[in-house]
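Undergrad: what shape does this take:
(2 chains)
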Amino acid sequence: MKALITNKLTEHSVTPEAVYLNRRQWLKASAVGAAGLLAPSMKAVEVAPGDDPAPPWLQSQNKQASPSSFSSTEKLTPYEYVTGYNNFYEFGTGKDDPEKYGQDFNPHPWQVTVSGLAEGTGTFDLEDLLKGLAVEERIYRLRCVEAWSMVIPWLGVPMAALLKRFKPLSGAQYVTFESVYRPEEMPGQRSFFGAIDYPYIEGLRMDEAMHPLTLMATGVYGRSLPNQNGAPLRLVVPWKYGFKSIKSIRKITFTDRAPQTTWQKSNAREYGFYANVNPAVDHPRWSQAEERRLPSTLFASNRVPTLPFNGYADAVGSLYRGMDLTKYY
Amino acid sequence: MDKLLLSRWFWWVLLLPLALALVRVVDTVFYDPSALGPDPAQALVDLFGTIALWFLCFVLLVTPLQALIKARWLLRQRRALGVACFCYALLHWLSYAGLLLEWQWQNLGQDLLKRPYIIVGFSAGLMLLLLAVTSNNGSVRALGRRWRVLHRLVYPAALLVLIHMFWVARSDYTEVVMYTVFVLLLLLQRWRNRATS
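TA: Numbers count the residues shown, from 1 in each chain, chains lettered A, B, ... in the order given. Sure, this is the predicted structure:
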């Protein structure tokens, strides 16, 4: 690994916290505090509430995040919902289970094993894996296959930058990700009538993985990822349904064929390999034409039309040119 | 026990879940918008569905339970339990149609035609409606022997409700399997009773 990482820590434009907070106060005072009005080049998020139990090196790397031009300017889903309403079945299928039952999970120290069609395979400490990579803040829409959506300020490194470190071979057509398997810390993995095979497996075509929008997330809302959001390392692919964005990644494998993903194995008719957000292709059990942007209220369910590729069609549409998206859903 | 007192006490049993649900709604609307989470309408749909299911289980439990503990008074409350079950199922549907879909008739119609779990759930609801409107004393007298036959509809209704739940679940069937085992045991017990008597 030492050989792989060209140890050049880039100089980030670090804003001292005091200055940053002042800017926030000014924003509030001038009544443009709504995230929707912030210029995309400006960081929208201050440090989230709650303790950050991540090791200091990770905290400081996350704190140095720079804003991204890929960020959405829509109103953010509040922190308490982003971290309190989750699908992370390893901790239980209830939306509040991951926050409730995720606290016994211990994501540090963390190692990732890289294998398959690449030159730089091996097992790496998380710190070495991320060393020298610039963390960005990316505010993305997240569209769940269950027809609700959020707007989330992720922190993370471009997936392409990370994967290039392992020097994938030309035969590598797909990249497979595998979640952690720790039934003793994850009650959902002990479920008797669960229809899901653990560990959780997801995959991307190589060009999808290397796309500039694809993020390896290390944090959210200005802090390191809480356990319920997939600590310490998760995928974020904003133009695909949320279940593609695999959490707590333990293994990365470069292959020449598409992996069988967890949800495909569970129900291939309902969940395809691509899982691109597509209002024209219904889930067999419900419509995907609309979504409810959370939080909703009792009297306003906040239904908005779902956009092809979750609104990222201009950026990613060309990846799927000529493909029958009703067949490759 | 005094009959009036008993029925009053029982009214509270029927209304208690509604009161608890209302407390949470009032809390959400007036005090803490996050009390029901970021998707409060869905939370209410789930809550009323679960309460209705509990009453359905309760109704099916009455016959074996009263035989076991020799409580005739329980049998007299069975129709009230059934009507309560229907009322909570109605609230389940109203929150889905009114709060989640905001009375968009086109979406409601599409769901009803295209989504199997909605179709079976709605059919179960119609059966419960039929049972609820024939649960007054007048109907019992008017229908005579046919009343008992008609009210056996509760069994297919229960099975449809279980299918509804199986088709809603995405991956973890623990809860629905537990309810299914419970209902099937009750049905098995009735079948055995009929076979032996």
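
Undergrad: what are the ranges of the helices in the chain?
TA: Went with chain A since none was named. A:17-29, A:56-63, A:79-82, A:97-101, A:126-130, A:159-164, A:206-209, A:262-266, A:313-316 (DSSP state H).

Undergrad: please go with chain B instead
TA: B:3-26, B:40-69, B:72-76, B:78-94, B:105-114, B:116-133, B:137-143, B:145-150, B:154-168, B:174-196.

Undergrad: most tightly surrounded among these?
TA: Between those, helix B:78-94 has the highest mean count of neighbours, a mean of 21, where neighbours are mean count of other CB atoms under 10 Å in any protein chain shown. From N, CA and C alone the C-beta is placed, and that goes for glycine too.

Undergrad: which other helices and strands contact it?
TA: Helices and strands touching helix B:78-94, by 3 or more CB pairs under 8 Å, 6 or more residues apart in numbering or on different chains; DSSP states H and E, are helix B:3-26, helix B:40-69, helix B:116-133.

Undergrad: so does the longest one get close to chain A?
TA: Yes - contact check for helix B:40-69 against chain A, using CB under 8 Å from any CB of the partner chain: residues in range are B:40-41, B:44.

Undergrad: lowest average pLDDT across the helices of chain B?
TA: Here the lowest mean pLDDT among those goes to helix B:72-76, at a mean of 81.

Undergrad: dump the helices of chain A into TSV; add mean pLDDT as well.
TA: Listed next are the helices of chain A as TSV, based on pLDDT from 0 to 100:
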stretch	mean pLDDT
helix A:17-29	37
helix A:56-63	96
helix A:79-82	96
helix A:97-101	96
helix A:126-130	98
helix A:159-164	98
helix A:206-209	98
helix A:262-266	95
helix A:313-316	98
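
Undergrad: figure out which of those is closest to B:Pro33.
TA: Among the helices of chain A, helix A:79-82 comes nearest to B:Pro33, with 10.9 Å by CB to CB.

Undergrad: rewinding a little: to A:Lys251, which of the helices of chain A lies closest?
TA: A:Lys251 lies closest, by CB to CB, to one member of the helices of chain A: helix A:126-130, at 12.4 Å.

Undergrad: what pairs with the strand ranked longest in chain A, and is each one parallel or antiparallel?
TA: Secondary structure assigned by DSSP state E gives strand A:148-158 as the longest strand of chain A. Sheet partners assigned to strand A:148-158 using DSSP bridges are listed as strand A:136-143 (antiparallel), strand A:215-220 (antiparallel), strand A:290-293 (parallel).

Undergrad: single out the most deeply packed of those strands.
TA: For the strands paired with strand A:148-158, average neighbour numbers computed from mean count of other CB under 10 Å are highest in strand A:215-220, which has a mean of 26.

Undergrad: need the residues that contact that strand.
TA: Identification of contacts with strand A:215-220 by CB atoms under 8 Å, 6 or more residues apart in numbering or on different chains yields A:48, A:58, A:61-62, A:65, A:82-83, A:130, A:135-136, A:138, A:140, A:152-159, A:162, A:224-226, A:229-230, A:232-238, A:249.

Undergrad: is it true that A:Pro153 touches A:Leu76?
TA: Yes - counting by CB atoms under 8 Å, A:Pro153 touches A:Leu76, with 6.1 Å between them.

Undergrad: for the closest residue to chain A within chain B, which residues are in contact?
TA: Among the residues of chain B, B:Pro38 lies nearest to chain A; the distance is 3.7 Å by CB to the nearest CB. For B:Pro38, the contact set (CB under 8 Å, 6+ apart) comprises A:77-78, A:81, A:84-85, A:294-296.
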